[in-house]
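Engineer: Everything below, folded, please.
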Amino acid sequence: MLLSAAGMTVISPDGVLLKLISGTGLWTVILYRLGFLAVTLALALAIYYRGRVVTVWRSMGHAGLLSSLLLGAANLTFVGAMLHTSVADTLLLLATLPFWSALLGRVCIGERVRLRTWGAMLVAVSGIVLIVSGSLGHGKLVGDLLALATAILQAANLVVWRRSGDRNMLPALCLSGVLAAGVGLALGHPAATTRHDMLILAFLGFVQQPLAMTLFLSGTRYVAAAEVALLALVETVLGPIWAWIGVGEVPTATAIGGGVIVVAAILANSWLGVREQRRRRSLAARSL
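Structural biologist: Next up, the predicted model:
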């Protein structure tokens, strides 16, 4: 749990760092941010697996290719959301990911969705409506919709990962960065990046994201999914605080109200899930 919480803490300033980029366009930001990430992951895979790296890449199969497309698209929409709406709106809408994952899991692979989760989803939808309604007339609606699209794309990717079983999907994560960077290269202007912006992008791609993902993924090997959903709220809470401190971005009253509804729904659903799992383990231990 400490590993996953540390990963969420490390990545929580991501939004405010993107906001500090001033002279670089959207597509160029995507090119460098995700290109640097792809290079870092490719080197890490090559060093860790050495002679088996080709086998690891091949083992991801069609599921890995689909995951790469979904993650690549999610990376594009995430950066677009951060640059077109507030950090608070983006992170609060991304917090709905567990619900989209449950819904898509039910539709695509027949995973059972508990009644409490359906109820929490309905409550969270009201929070989403409140957040998005607050952006009407403020030029942030496109960004909010991109944030919502990011949550849905990431949820679809989680379903693919669950369906893939024990396959190593880190190459898919690397390939998604390559695909998104390719789009950024085609549409961006790499030479127009200032030194200030390049330093931020290098930190994001070479240091922050690889470190955060390593910590978070290491924790998910030992922590139940319901508990991971609780830990993901670390970024939801810290991200807007960093934006408030770093760039003076004060969340609107509607965003705060909608966010409270979304976070409360996720917290209640996840906590009930944790209690249910612990109860099952306790009963299993007694039966032995």
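Engineer: after the helix-or-strand element of the chain with minimal mean pLDDT comes which helix or strand?
Structural biologist: Lowest on mean pLDDT, DSSP states H and E among the helices and strands of the chain sits helix 225-247, with a mean of 74. Reading on from helix 225-247 to the C-terminus, the next helix or strand found by DSSP states H and E is helix 253-287.
Engineer: Mind giving me the packing neighbours of that next one?
Structural biologist: helix 87-94, helix 97-109, helix 115-133, helix 225-247 (3 or more Cβ pairs under 8 Å, 6 or more residues apart in numbering; DSSP states H and E). All C-beta atoms are positioned from the backbone trio N, CA, C, and that covers glycine.
Engineer: 6 Å - rerun?
Structural biologist: Applying 3 or more Cβ pairs under 6 Å, 6 or more residues apart in numbering; DSSP states H and E, one finds that helix 253-287 contacts helix 87-94, helix 115-133, helix 225-247.
Engineer: Please point out which parts of it sit buried.
Structural biologist: 254-256, 258-259, 261-263, 265-266, 269-270, 273-274 (16 or more other Cβ atoms under 10 Å).
Engineer: which residues touch E111?
Structural biologist: By Cβ atoms under 6 Å, 6 or more residues apart in numbering, the contact list for E111 reads G105.
Engineer: Quick check: closest non-adjacent residue to L187.
Structural biologist: In space, L187 comes closest to W27 once its chain neighbours are excluded; the distance is 4.0 Å by Cβ to Cβ, 6 or more residues apart in numbering.
Engineer: V183 is in contact with the one you found, correct?
Structural biologist: No - W27 is not in contact with V183 according to Cβ atoms under 6 Å; the separation is 7.2 Å.
Engineer: so how far is S4 from T214?
Structural biologist: 11 Å (Cβ to Cβ, to the nearest Å).
Engineer: So if I had to pick from these two, which one is more boxed in?
Structural biologist: S4 (23 against 17; other Cβ atoms under 10 Å).
Engineer: mean confidence for the helix or strand that one falls within?
Structural biologist: S4 belongs to helix 2-11 when assigned by DSSP H and E. Averaging pLDDT along helix 2-11 yields 85.
Engineer: Name the next helix or strand downstream of it, please.
Structural biologist: Heading C-terminal from helix 2-11 (DSSP H and E), you reach helix 14-19.
Engineer: Does anything pack onto that following helix? Which helices or strands?
Structural biologist: Using 3+ Cβ pairs under 6 Å, 6+ apart: helix 14-19 touches helix 225-247.
Engineer: Poorly predicted segments of the stretch 1-150 of the chain, please.
Structural biologist: 134-139 (pLDDT under 70).
Engineer: Kindly report the same for the stretch 151-288 of the chain.
Structural biologist: In the stretch 151-288 of the chain (pLDDT under 70), the answer is 164-168, 217, 219-232, 288.
Engineer: which non-adjacent residue is nearest W161?
Structural biologist: M169 (5.6 Å).
Engineer: And that neighbour, how far from V178?
Structural biologist: For M169 relative to V178 (Cβ to Cβ), the value is 15 Å.
Engineer: So for the two, which sits in the more crowded spot?
Structural biologist: M169 (21 against 17).
Engineer: List the residues that contact L175.
Structural biologist: Here L175 is in contact with S68 (Cβ under 6 Å, 6+ apart).
Engineer: let's see 8 Å
Structural biologist: Neighbouring residues of L175 by Cβ atoms under 8 Å, 6 or more residues apart in numbering: 38, 64-65, 68, 72.
Engineer: what's the helix or strand for it?
Structural biologist: Taking DSSP H and E as the definition, L175 sits inside helix 170-187.
Engineer: Alpha carbons of that helix, as PDB, please.
Structural biologist: Written as PDB, here are the backbone C-alpha positions of helix 170-187 (Å, rounded to 0.1, in the frame of the first residue of the first chain):
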ATOM      1  CA  LEU A 170       4.800  -3.200 -20.000                       C
ATOM      2  CA  PRO A 171       5.900  -3.400 -23.700                       C
ATOM      3  CA  ALA A 172       2.400  -2.200 -24.500                       C
ATOM      4  CA  LEU A 173       2.800   0.700 -22.200                       C
ATOM      5  CA  CYS A 174       6.100   1.600 -24.000                       C
ATOM      6  CA  LEU A 175       4.500   1.100 -27.500                       C
ATOM      7  CA  SER A 176       1.600   3.400 -26.500                       C
ATOM      8  CA  GLY A 177       4.200   6.200 -25.900                       C
ATOM      9  CA  VAL A 178       5.800   5.600 -29.200                       C
ATOM     10  CA  LEU A 179       2.400   5.800 -31.000                       C
ATOM     11  CA  ALA A 180       1.400   9.000 -29.200                       C
ATOM     12  CA  ALA A 181       4.800  10.500 -29.800                       C
ATOM     13  CA  GLY A 182       4.500   9.700 -33.500                       C
ATOM     14  CA  VAL A 183       1.200  11.700 -33.700                       C
ATOM     15  CA  GLY A 184       2.900  14.500 -31.900                       C
ATOM     16  CA  LEU A 185       5.800  14.400 -34.300                       C
ATOM     17  CA  ALA A 186       3.500  14.600 -37.300                       C
ATOM     18  CA  LEU A 187       1.500  17.500 -36.000                       C
END
